[in-house]
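Trainee: Following is a predicted model, sequence given first.
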Amino acid sequence: MSYGQTRALKGATFAVDEGELFGLIGPDGAGKTTLIRILASLLVPSGGSATMCGADVVRDYQAIRQMVGYMPGRFSLYQDLTVRENLEFFASVFGTTVEQNYRLIEDIYKMLEPFANRPAGKLSGGMKQKLALSCALIHKPKVLLLDEPTTGVDAVSRKEFWTMLRKLKNEGITMLVSTPYMDEAAQCDRIALIQNGDILQIVSPKQIVDSYAYDLFGIESKRPNAVIKALRADSRFQSSFLFGHEVHLSVEMRSIAVDAVERYLLENGIETIAVRRISPTIEDCFMSLMEHNNAIG
Amino acid sequence: MRTLLFLLQKEFLQVFRNRTMLPIIFIMPVVQLLVLANAATFEVKNIDLAIVDYDQSYLSSQLKSHFTASPFYTIVANEVSVSKSLDMVHADKADAILVIKQGFEKDLLRGHQTELQLLVNAIDGSAAGLMNSYSGQIIQGFIQEQIAQRANVTVPHITIQEKFWYNPDLTYSHFMIPGILVILVTVIGMFLTALNIVREKEMGTMEQINVTPIKKYQFILGKLIPFWVIAMFELVFGLILSKLIFDIPLNGSLLLVFGVAGVFLVVALAMGLFLSSVAESQQQVMFLAYFFMIVFILMSGIFTPTDSMPLWAQIVDLVNPLFYFMKVMRMILIKGAGFMHIMPCLVGLMVLSVLMLTLAITKYRKTS
C-alpha cells in the first residue's frame, strides 16, 4: 500500500491463528492503521493479498464485512444517538438483535448500562471505548480488528480493556490489536513488531524477552539526560534510553559490571542514586530491535 | 429492505434530535415568506423629487401641483439651482430632479415648443425606468389639461384600457411567493442532504457504516428518502402559510405541483449527494452548495424574466433545475396551467434527475 511516494506497508507477511490474540506493536506511522484498514476491507491494497477465514479481503469483501468487527482508532459512533440506540442500530444493520448476542457483551455493557440513555458523544473516553467495543461485537464477529483501542484512555481503563479482550479470547474470537504502547504487548499471545511498513519480527512476548542478547542496567540519577549524554560518548555502551525516570543501558553480555558503570559516570561528574542489573521488558527488546534495524536499513 | 428501514429510522431519529433542525424546518419558511414577500417589491412608491423652477410662473406652479397630487411623489425641495439639487441626489435625499427652464410659460402660451429636464438617479436601472415613466405620465396629464383649457374643446385622444391577466392587481407577493417556496425546498433538499452526508464523513461514522453489510444503494436511499419527505412537507407547510397569510391564488392542481416537486427534489437531492462526495468537510460542502445555489437562483427567473436573458444564458438555464420548477410553480399556481402546459418543464426535470442521479451515484461509488 502506498500514499504517493510513501509506501505505508512494504513486506507485511504474517498469519494469525484462530482464536489468537495477536498484537501489532509499533510507533506512530509504522503502518498499523493501514494494515488494519486493508483487513477491514476499507482500503484496497496496491499489491499483495490477505485472507481471513478463507475470504479474500478484496474479492470477498462482503463476506469479510459480515464476519469482522472493526473498532477504529477514532471514536466513530453516532454521537447524537444514545448508547442504547447505537448498539441497537449496529445490531440491526447486521441483521441481528442486541438480545441475541447480549451474552457476548454482557460484562462490558453492564458498565455502560447506567448511561444507556445518554448520547454517545457525551460519554467519557473510557466509556466511549467500551461502547465502541460493544458495537463491534454485537454481531458476534469471528475476527475482531482493533486499531489502537487504548490510545487516549486512562491507565485504569486500559487495564480493564485488556482484561475484557482476554475474556473475549475465551469466546473463541480471533483478535488483531494494534497499539503504540509496548507494555501492552505482554498481554498478547503473539506480537508482530512493525516499523516503517515492515514486520521486524513475530514472536511471543516471552520469546522476545528471552532472546534479548544484552546485559541491561537501570540507572537512577537526578540528571538522567546528562547520564545518557555521557553514556553515548563511549562505544563500550551499546545503547541508552530514558524509561520514565530511569535510564536503561544495554551492553554486550558480560562485558561490563555494575560498579564499572557507576565509576564511569562518577568520572564524568555524575552522581547516581542507584545502578542495578534489570531484566528486559518488551519495550527494551523493541528498542534494541528497532536500533538494529535502523543500523542495517 | 429491513436494513433500509433501520437506516431510515436512525436518520429521522437524528434529524428530530438535532436542535437546529426543527427551527430550520418551521421558522425558516415563515421568516422568508414574511420578509421577502413583503420587502422585495418592484413598485416604486416614494419618489423624493426635487424641483428647480427657473420660471416661477403660473403654469410652472400648475405643473408642480400635478406632481404634488401624485401619490408616488413627495416634493422634498424647491431648489434654486440644479447643482444644489444634484447635491441632494448625491446625498440620497432626492431620487429625481425636475428642471423647469426659464420661459417655460411664455413658450407654451405662444404655442412654441418648450423643454423640461428630468434627472433621475439610475443606480437602480429598473427603478429609474419606472420613475421616468411615472413622470412622463404626469407631464402628459398636465399637457392634456392645458390643451383642453386653452382650446376649450375636447381633444380626441386614445385611452388605453389595461387589464393584467392572471394577476389583475399586479400583487407582487403572488408573483414572488411561488419563487420563495422553490428556494425553500431547494435549501432543504440540497443543503441538508449534502451537509448530513459529509457530517458522517467528518465524524468517522461513514467508515463504521462501510464495514457493515449495508449496501451502497441502501445507504444512499437511507439518506435521500428522509430529506425528500422533509422537503415535501416543507412545501406543503409553505403553501399553507402562503394561502393563510398572503392569500396567494392556488388556481391549478396541487397534485400536479407536488408531482413536479417530487421530481425536482430528486435533482436537488442528487446534487446534494454529488457535492457531499466531492467535499471532505461540512465547510467545503457549504461553500460549494452556496455557489451553485446563487447561480441557480439568479438564473431561475425569480427576479428577472428568463426570456430577456441573452441566448447563452437561456441555454445554460436548460440545466438549471430551479428554472423549470420556478416556471412550473408560477404557471400552475397563478395561471392554473394543466399537465400538458407544464409537460416540457417536467420532461426537462426528469432528464436532469436521471443525469444528476447517475452522476452522483457513480461519483459516490468511486470515492468510497
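Mentor: On my side now, so go ahead.

Trainee: Quick check: closest non-adjacent residue to residue A:282.
Mentor: Of all residues beyond its chain neighbours, the one nearest residue A:282 is residue A:185 (4.6 Å), with distances taken as Cβ to Cβ, 6 or more residues apart in numbering or on different chains. No exception for glycine: its C-beta is placed from N, CA and C like everyone else's.

Trainee: list the contacts for that neighbour?
Mentor: A:23, A:25, A:179, A:191, A:205, A:208, A:282, A:286 (Cβ atoms under 8 Å, 6 or more residues apart in numbering or on different chains).

Trainee: I'd like the distance between residue A:189 and residue B:18.
Mentor: 45 Å (Cβ to Cβ, to the nearest Å).

Trainee: can you tell me the average pLDDT over stretch B:215-224?
Mentor: Taken as a whole, stretch B:215-224 carries a mean pLDDT of 92.

Trainee: who touches it?
Mentor: B:3-4, B:7-8, B:10-11, B:193, B:196-197, B:209, B:269-270, B:273, B:361, B:364-365.

Trainee: and which of the residues you listed is nearest residue A:113?
Mentor: Lowest distance from residue A:113 to the contacts of stretch B:215-224 (Cβ to Cβ) belongs to residue B:10, with 21.5 Å.

Trainee: Just to check, the closest one is in contact with residue A:81?
Mentor: Yes. Applying Cβ atoms under 8 Å, one finds residue B:10 in contact with residue A:81, separated by 7.1 Å.

Trainee: which residues are in contact with both of these two?
Mentor: residue A:89.

Trainee: which SS state does whatever residue of the stretch 51-200 of chain A ends up closest to chain B fall under?
Mentor: Nearest residue of the stretch 51-200 of chain A to chain B: residue A:76, at 3.1 Å (Cβ to the nearest Cβ). What DSSP: H, G, I helix; E, B strand; the rest coil gives for residue A:76 is coil.

Trainee: residues touching residue A:16, list them.
Mentor: Counting by Cβ under 8 Å, 6+ apart, residue A:16 has contacts A:22, A:174, A:176, A:190.

Trainee: tell me which residues form a beta bridge with the last one?
Mentor: Beta-bridge pairing of residue A:190, defined through DSSP bridges, involves residue A:22.

Trainee: For the helix or strand harbouring residue A:275, which residues meet the burial criterion?
Mentor: For residue A:275, the element it lies in under DSSP states H and E is strand A:272-277. By 16 or more other Cβ atoms under 10 Å in any protein chain shown, the buried positions in strand A:272-277 come out as A:272, A:275.

Trainee: burial count for the residue lying closest to residue A:19 once chain neighbours are set aside?
Mentor: Nearest-residue entry for residue A:19: residue A:172, 5.1 Å, with adjacent residues in sequence omitted and distances by Cβ to Cβ, 6+ apart. Neighbours of residue A:172 under the rule other Cβ atoms under 10 Å in any protein chain shown: 9.

Trainee: wouldn't residue A:172 be in contact with residue A:17 here?
Mentor: No. Contact between residue A:172 and residue A:17 fails when scored by Cβ under 8 Å: they sit 11.5 Å apart.

Trainee: Apart from its neighbours in sequence, what residue is nearest the residue in the stretch 1-150 of chain B that chain A sits nearest to?
Mentor: Going by Cβ to the nearest Cβ, chain A is nearest to residue B:6 of the stretch 1-150 of chain B, at 4.2 Å. Distances taken as Cβ to Cβ, 6+ apart put residue A:92 closest to residue B:6, at 4.2 Å, once the chain neighbours are dropped.

Trainee: Please determine how far that neighbour is located from residue B:169.
Mentor: 56 Å.

Trainee: Show me which of those two is the more surrounded one.
Mentor: The neighbour comparison of residue A:92 against residue B:169 (other Cβ under 10 Å) goes to residue A:92, with 21 against 7.

Trainee: mind checking which helix or strand the more buried one is in?
Mentor: Here residue A:92 is assigned to helix A:83-93, by DSSP H and E.

Trainee: Show me what the helix or strand just after that helix packs onto, helices and strands only.
Mentor: Following helix A:83-93 in sequence order, the next helix or strand is helix A:102-112 (DSSP H and E). Contact here means 3 or more Cβ pairs under 8 Å, 6 or more residues apart in numbering or on different chains; DSSP states H and E; on that basis helix A:102-112 packs against helix A:83-93, helix A:125-137, helix A:155-170.

Trainee: Need the contact partners of helix A:102-112.
Mentor: Here helix A:102-112 has contacts from A:83, A:87, A:127, A:130-131, A:133-134, A:137-138, A:140, A:164, A:167-168, A:171, using Cβ under 8 Å, 6+ apart.

Trainee: Tell me the buried residues within these.
Mentor: For the contacts of helix A:102-112, a neighbour count by 16+ other Cβ under 10 Å gives the buried set as A:83, A:87, A:127, A:130, A:131, A:133, A:134, A:137, A:138, A:140, A:164, A:168.

Trainee: Quick one: the residues you listed as CSV, columns for pLDDT too.
Mentor: Output for the buried ones among the contacts of helix A:102-112, formatted as CSV (pLDDT from 0 to 100):
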residue, pLDDT
A:83, 96
A:87, 95
A:127, 91
A:130, 92
A:131, 94
A:133, 94
A:134, 95
A:137, 94
A:138, 94
A:140, 93
A:164, 91
A:168, 91
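
Trainee: Now for those: which two are most distant?
Mentor: Top of the distance list for those (Cβ to Cβ): A:127 and A:140, 22.3 Å.

Trainee: That's all I had, so thanks and see you.
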